[in-house]
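Engineer: Mind looking at a prediction? Sequence and model below.
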Protein chains: 2
Amino acid sequence: MEAQAEQPFNRENLEGLLKRRFFFAPSFDIYGGVSGLYDYGPPGCSLQANIIDTWRKHFILEEDMLEVDCTAMTPHEVLKTSGHVDKFSDWMCRDLETGEIFRADHLVEEVLESRLKGDKEARGIVENNKEEDDDKKKRKKKVKEIKAVKLEDDVVKEYENILAQIDNYTGDELGEIMKKHNIVNPATGGKLEDPKAFNLMFETNIGPSGVLKGYLRPETAQGQFLNFSKLLESNNLKMPFASASIGKSFRNEISPRAGLLRVREFLMAEVEHFVDPKDKNHKRFKEVKDLKLKFLSKKVQAAGSSDTTEMTLGEAVESGTVDNETLGYFLGRIYLFMLKIGMNPDRIRFRQHMENEMAHYATDCWDCELHSSYGWIECVGCADRSAYDLTVHAARTKEKLVVRQSLDQPITVERWEIDFDKKKFGPKFRKDAPKVEGWLNERTECELEDLAKELESTGKIAFKVGDLDAEVTADMVTIQKRTRTEHIREYTPNVIEPSFGIGRIFYSLLEQVYWSRPEDAARGVLSFPPVVAPTKVLVVPLSTDESFDPIVTDLTSKLRRLGIQCKVDDSSASIGKRYARNDELGTPFGITVDFQSVKDGSVTIRERDSTKQVRGSQRDVLDALQAMIFREESWKNGTKNLQPFDSADNN
Amino acid sequence: MEAQAEQPFNRENLEGLLKRRFFFAPSFDIYGGVSGLYDYGPPGCSLQANIIDTWRKHFILEEDMLEVDCTAMTPHEVLKTSGHVDKFSDWMCRDLETGEIFRADHLVEEVLESRLKGDKEARGIVENNKEEDDDKKKRKKKVKEIKAVKLEDDVVKEYENILAQIDNYTGDELGEIMKKHNIVNPATGGKLEDPKAFNLMFETNIGPSGVLKGYLRPETAQGQFLNFSKLLESNNLKMPFASASIGKSFRNEISPRAGLLRVREFLMAEVEHFVDPKDKNHKRFKEVKDLKLKFLSKKVQAAGSSDTTEMTLGEAVESGTVDNETLGYFLGRIYLFMLKIGMNPDRIRFRQHMENEMAHYATDCWDCELHSSYGWIECVGCADRSAYDLTVHAARTKEKLVVRQSLDQPITVERWEIDFDKKKFGPKFRKDAPKVEGWLNERTECELEDLAKELESTGKIAFKVGDLDAEVTADMVTIQKRTRTEHIREYTPNVIEPSFGIGRIFYSLLEQVYWSRPEDAARGVLSFPPVVAPTKVLVVPLSTDESFDPIVTDLTSKLRRLGIQCKVDDSSASIGKRYARNDELGTPFGITVDFQSVKDGSVTIRERDSTKQVRGSQRDVLDALQAMIFREESWKNGTKNLQPFDSADNN
């Protein structure tokens, strides 16, 4: 696509376009809508499908990943085990008078930011980071006005300190902060309840009995973990391998705003790459190692800075900024995917999570953040979930979720082992015997070592199994360290998880490809690359003259046969107006059928961004379109066999 | 594909294959599973994606439908208005002792059928409809054994009469039948509670306040109806047009069995075709009118028969069997879709719903039923929803959901109209005035006519608005019949809805394309047409010899660039075994790389069903594959430039 002469970005104009052309709209609009729920209209639906299709080719097909499609409905026990029932929550506080509910951390952040802003106004300080500031003003709406009130210097410092670690507080701590700094309902000044944990999963009952509680999944990952053994077998037991899933997830956000960036039902695309914890090298790392990305590590953030460092992935892994090749490989692949669908490389960065910010299952996490008028927004999380999920599900279900690797060289291992004298053990514990035996069998190496010492020194060991007080004497069990030769290594794989929020990517892309022509600021242009454009080609007959009809019909059926999505606009609007309408939809190419076409069969193609036109035979035009759409040829190369055409008389 | 020498169908073998190769499996399997929930593994996921892709091309792209993607989460008010909160339920009854819950109609059906069967055994009658009988035996599992007990002749008649209208009973009626015929828990003989309505929607709360009740949608249709005005505008106000949606829906079935045929979360593809109720002709009907389909009309069923009649769609519409061209057109398109994905035309039929069987919103409905070992199963419903949904949502929200058509010839209409004398109306009703006025404004023509008569004869009209008793006198309102000339016709479109259950189609297809070779009954073959096959081409090097590696790498990257899904099997198993494994996955073509390939670059292709092989240069082989995969050429035509090859030495 050609260079663009841009107008300054105007979110209201873009939103007007998206609404007018039904890219997306609030769900249940005629019923007043429900916050956090959106429907995609025809162009949005097609754009989403094309992003997904590109994703599937870029990740699943290119790397032979194993795609699965699991249910969203999930029984309580699974999400209890995964930790989501206990830990997947935000802090909310309620205004008992008005009933309004706030998300505690967002409220604290917003109120303190507005006070700091008021302080700056009072001190006469001009905001230097205007852009960031505008972002926040647009996104937040609870605090309606900024009051120019000067604060004490130490209060300013305290506020800044709180804001720097806003993701780091427990509910109690947020409550303390709210009390200490008198944070109340910004609209009414009313007092708020102490923060309470609000679980973000939608709860329901499965089946008619009412006894099987279920949730809608908050991520697609759990289904992939539960199918681990089947997937390993599908992969002929070879490691490493990846599974992938594309589907809806659900989060019952406390108070969703910011359009598509925070919603209650959303499309996710997740990869779970299973890897040997002892070898996180990646055989295709060399293909991405020279890519230069912008990094913002946790170290830099902890030092109070948000300056990104540009370096190659090779350098990042070598310097330890990025922990290993597998993680690095996926950061590179994510970056290439973003470029492929049309993101601006200057508006892509990779930010590492701070220690306190990570989800309960993650040991390391890099977000791919995309820049829009809302600031830098997390659109892909690339987490190292270690062996967390497979371990907890295996422990709960007693199903082994492991890889068994034949060793070339047998190894010698020392291990603590326990043996039972069943004749004495059984009679003592009777029906509880399996429970007590099970408890002992589940001890770790360290625990067995401790128990062995206790048994040796006191002649017995005592412990609790559920409600049962068990005492086992030295005649009933033997605990010994033994040396064994092993030919098989058994291990629980680690998981590297690139997790894509498709709606956030979708919205960020719309902002990044939107611009308007200096001569027509009211109408926008969406410069999608052909691969994701909702429609690839617009066919416009010059006028409603009937002689154009057979050519239009013939052309569209040829385009369809080639697999090129096209639309016809045979309305009576001027050619210029019809093209402008399609620039709004991001249609990259237009074919005009005119009186010359009737004479000699030739037609013109127009390029959306430059509005340049060239002319040629139908056959040459279709060849050019295939080259530009399927083989990503540039306009210049793709149309080199066609003749320049002056469109002045058409517009 | 070539002719098949089939073994008799064996469901256990097919199920074994599907499980072993992870086409699908119970969700949360390692937790013991949850009935009615299934995960799709890699080949199932790919098959599903290919069916969906074919559907999207066949319906959405071919007919320029407007695709939308709406949320599954739906607020109470929307589904209350649509009638689902009140009417979308089944009847359940509980065994108070064991807690087991039965679906009342299924239980009655099963118990009576088993008694009739026992009666026939006692009478020494040999079942003539063996196949249907086997179907039922396989599907149902509540009644474990058939007792040979002879019944009175009039009891037999009564049972048969009940079974003929089993879909027609209310809960009370089912309760009566159960009491009268002593229908109890078949396992324990325990008494059952009276049937209660159980709503099939999963209920949850939206947001943290707990006051906004929501449901997971039971169909995708409502989102399309609510967006009607936006869609009409997207279509430049042209009628008729269709929207379409592909997505998950949820139904909390009482006691799901029968695998993928009755599940609690499922993928649907639905078309809502909006049409002028006065003109249901279809401009493309001529393209399908000569298709010959099997019909089973409601008339034939009401006469107690289930014999299908074969006729063309043209005949069906002309004879009134199928109500109109639009409905007929979609039946034809559904049939063509089924053929395209590989269904057997002999195992497709179209059955019309009986009056009492239709959903609450439908006025007519034809099911496309596919035959499998479970009998004839509804896989697509093609309903005429008339103006039901648009009308109820418009009434509830006061948003007009109509089409405004400019009339070429203005028409004269007579209409009852009401005028208010606000000066007298206001003081009398004060704050209730808008309510009373609103009530009057909402009256139909007929009601206004009645009110006018009442007003004329008694000088007043009295009515209730909510709790308010209103009395309006002749000085406050005028009700008159007036004649007007109209240039615009305003109407609520009717909706024809083809609604596809993708999981049911998926399973029926697996049964219809499954067979096994006489020489290898244990291993099955899935004869998918290339368009839906999970993998199109298997590449197999003859042995693990390293000289094959560069050829395999080159071939697969070429295939990928052509958009042909392929897999490599370079394991050390014999060629024959590797092909057999891929016949199970339904991979239509195999390329063998052998020592001849190393010498001259030529390779062989094998056809799955016939196991025939031909040989040629890489280029010719790739051309042949493209012809057979993308242009649906036959094996014979597609490979006419290649040389016959005797594979005896490979196997």
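Structural biologist: Sure, I can see it. Numbers count the residues shown, from 1 in each chain, chains lettered A, B, ... in the order given.

Engineer: how does chain A divide up, domain by domain?
Structural biologist: For chain A, the TED database gives the domain ranges A:11-70+A:217-388+A:496-500, A:90-199, A:405-491, A:535-644.

Engineer: so can I have a markdown table of the ones you listed showing mean pLDDT, distance to residue A:210 and mean neighbour count?
Structural biologist: All C-beta atoms are positioned from the backbone trio N, CA, C, and that covers glycine. Output for the domains of chain A, formatted as a markdown table (pLDDT from 0 to 100; distance: least, CB to CB, whole Å; neighbours: other CB atoms under 10 Å in any protein chain shown):
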| stretch | mean pLDDT | distance to residue A:210 | mean neighbour count |
| --- | --- | --- | --- |
| domain A:11-70+A:217-388+A:496-500 | 94 | 20 | 20 |
| domain A:90-199 | 83 | 19 | 16 |
| domain A:405-491 | 88 | 27 | 13 |
| domain A:535-644 | 94 | 48 | 18 |
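
Engineer: how about the ones you listed, which one is nearest residue B:497?
Structural biologist: domain A:11-70+A:217-388+A:496-500 (18.1 Å; CB to CB).

Engineer: re earlier: among the domains of chain A, which comes closest to residue B:459?
Structural biologist: Nearest of the domains of chain A (CB to CB): domain A:11-70+A:217-388+A:496-500, 40.4 Å.

Engineer: I'd like to check the angle between the host helix or strand of residue A:49 and helix B:42-55, please.
Structural biologist: Secondary structure from DSSP states H and E places residue A:49 in helix A:42-55. Interaxial angle, helix A:42-55 versus helix B:42-55 (axes from the mean of the first three to the mean of the last three CA atoms, to 10 degrees): 140 degrees.

Engineer: Only C-alpha atoms, please: export helix A:42-55 in CSV.
Structural biologist: Extracted C-alpha coordinates of helix A:42-55, given in CSV (Å, rounded to 0.1, in the frame of the first residue of the first chain):
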residue,chain,number,x,y,z
PRO,A,42,-21.2,-8.2,8.5
PRO,A,43,-17.9,-6.3,7.9
GLY,A,44,-16.8,-6.9,11.5
CYS,A,45,-17.7,-10.6,11.2
SER,A,46,-15.8,-11.0,8.0
LEU,A,47,-12.7,-9.1,9.4
GLN,A,48,-12.8,-11.3,12.5
ALA,A,49,-13.1,-14.5,10.4
ASN,A,50,-10.1,-13.4,8.3
ILE,A,51,-8.0,-12.6,11.4
ILE,A,52,-8.9,-16.1,12.7
ASP,A,53,-8.2,-17.7,9.4
THR,A,54,-4.7,-16.0,9.2
TRP,A,55,-4.1,-17.0,12.8
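
Engineer: C-terminal to it, what's the next element?
Structural biologist: Downstream of helix A:42-55 (by DSSP H and E), the next one is strand A:66-67.

Engineer: What are the contacting residues of that next one?
Structural biologist: Strand A:66-67 has contacts (CB atoms under 8 Å, 6 or more residues apart in numbering or on different chains) with A:56, A:60, A:231, A:234-235, A:241-246, B:41-42, B:45-46, B:49.

Engineer: for the domains of chain A, which one sits closest to residue B:522?
Structural biologist: Closest approach to residue B:522 among the domains of chain A is made by domain A:11-70+A:217-388+A:496-500 (18.8 Å; CB to CB).

Engineer: quick one: the helix or strand hosting residue A:552 to chain centroid distance?
Structural biologist: For residue A:552, the host element (DSSP H and E) is helix A:549-561. Here helix A:549-561 shows a centroid-to-chain-centroid distance of 40 Å under the convention CA atoms, centre = their mean, to the nearest Å.

Engineer: does that helix come close to chain B?
Structural biologist: Yes: judged by CB under 8 Å from any CB of the partner chain, helix A:549-561 and chain B are in contact via residue A:560.

Engineer: Convert that helix to CSV, retaining C-alpha atoms only.
Structural biologist: In CSV, the C-alpha atoms belonging to helix A:549-561 read as follows (Å, rounded to 0.1, in the frame of the first residue of the first chain):
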residue,chain,number,x,y,z
ASP,A,549,-24.8,-6.2,-16.5
PRO,A,550,-23.4,-9.3,-18.3
ILE,A,551,-19.8,-8.1,-17.7
VAL,A,552,-20.5,-7.6,-14.0
THR,A,553,-22.1,-11.0,-13.7
ASP,A,554,-19.3,-12.7,-15.5
LEU,A,555,-16.6,-10.9,-13.5
THR,A,556,-18.1,-11.6,-10.1
SER,A,557,-18.6,-15.3,-10.9
LYS,A,558,-14.9,-15.5,-12.0
LEU,A,559,-13.8,-13.8,-8.8
ARG,A,560,-15.9,-16.1,-6.7
ARG,A,561,-14.4,-19.1,-8.5
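
Engineer: next SSE after it?
Structural biologist: Scanning onward from helix A:549-561 (DSSP H and E), the first element met is strand A:566-568.

Engineer: Could I get the contacting residues of the residue nearest to residue A:508 when sequence neighbours are not counted?
Structural biologist: Leaving aside its sequence neighbours, residue A:508 sits nearest to residue A:370 (CB to CB, 6 or more residues apart in numbering or on different chains; 3.9 Å). By CB under 8 Å, 6+ apart, the contact list for residue A:370 reads A:338, A:343, A:347-348, A:376-377, A:379, A:504-505, A:508, A:512.

Engineer: ok, now residue A:605?
Structural biologist: A:589-591, A:613-616, A:621, A:624-625, A:639, A:642 are the contacts of residue A:605 under CB under 8 Å, 6+ apart.

Engineer: now the angle from the strand or helix carrying it to helix A:549-561?
Structural biologist: Using DSSP H and E, residue A:605 falls within strand A:602-607. Strand A:602-607 runs at 50 degrees relative to helix A:549-561, counting by the same axes, to 10 degrees.

Engineer: Okay, now the sheet partners of strand A:602-607, with direction.
Structural biologist: strand A:589-593 (antiparallel), strand A:613-617 (antiparallel) (DSSP bridges).

Engineer: rewinding a little: residue B:118: which of the contacts of residue A:605 is nearest?
Structural biologist: residue A:625 (69.5 Å).
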